[in-house]
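J.: Sequence first, predicted model second:
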Amino acid sequence: MNTTFSRFRLRSVAAVVASALAATAAWAVEPFTVRDIRVEGLQRVE
């Protein structure tokens, strides 16, 4: 039973660390604006 709790605790800590790293990486992306959209060839857009 102790090893199950230990694995759960390790996975929980890893999930928290991964979430924190993902959150900081999201702030590092610079905003952008789409200025032009081109559709070339025979394509359908619904």
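T.: In hand now; what should we look at?
J.: where does the chain have low pLDDT?
T.: 1-2, 5, 23-29, 43, 45 (pLDDT under 70).
J.: what about the helices in it?
T.: For the chain, the helices defined by DSSP state H occupy 2-27.
J.: Can you tell me how far Ala15 is from Arg7?
T.: Distance, Ala15 to Arg7, by Cβ to Cβ, to the nearest Å: 12 Å. Heads up, the C-betas are built off the backbone N, CA and C, glycines and all.
J.: What is the neighbour count of Gly41?
T.: Counted with other Cβ atoms under 10 Å, the neighbours of Gly41 add up to 4.
J.: got it, and Leu10?
T.: With other Cβ under 10 Å as criterion, Leu10 counts 10.
J.: now it: how far from Thr4?
T.: Relative to Thr4, and taking Cβ to Cβ, Leu10 is found at 11 Å.
J.: How about Arg35?
T.: Taken as Cβ to Cβ, the span from Arg35 to Thr4 is 54 Å.
J.: These two: which is more packed in?
T.: Thr4 (8 against 5).
J.: List the contacts of that one.
T.: Contacts of Thr4 were listed using Cβ atoms under 8 Å, 6 or more residues apart in numbering, and none were found.
J.: start the count at 48, not 1, going forward
T.: Noted, 48 is the first residue going forward, which turns the last one into Thr51.
J.: How much space separates it from Arg58?
T.: Counting by Cβ to Cβ - Thr51 and Arg58 are separated by 11 Å.
J.: repeat for Arg85
T.: In terms of Cβ to Cβ, Arg85 sits 46 Å off from Arg58.
J.: quick one: which of those two has more around it?
T.: The residue with more neighbours, out of Arg85 and Arg58, is Arg58; 10 against 4, by other Cβ under 10 Å.
J.: centroid residue for this protein?
T.: Taking Cα atoms, centre = their mean as the criterion, Ala69 is the residue nearest the geometric centre of the chain, at 6.2 Å.
J.: show me the contacts for it.
T.: No contacts exist for Ala69 under Cβ under 8 Å, 6+ apart.
J.: Cheers, nothing more for now.
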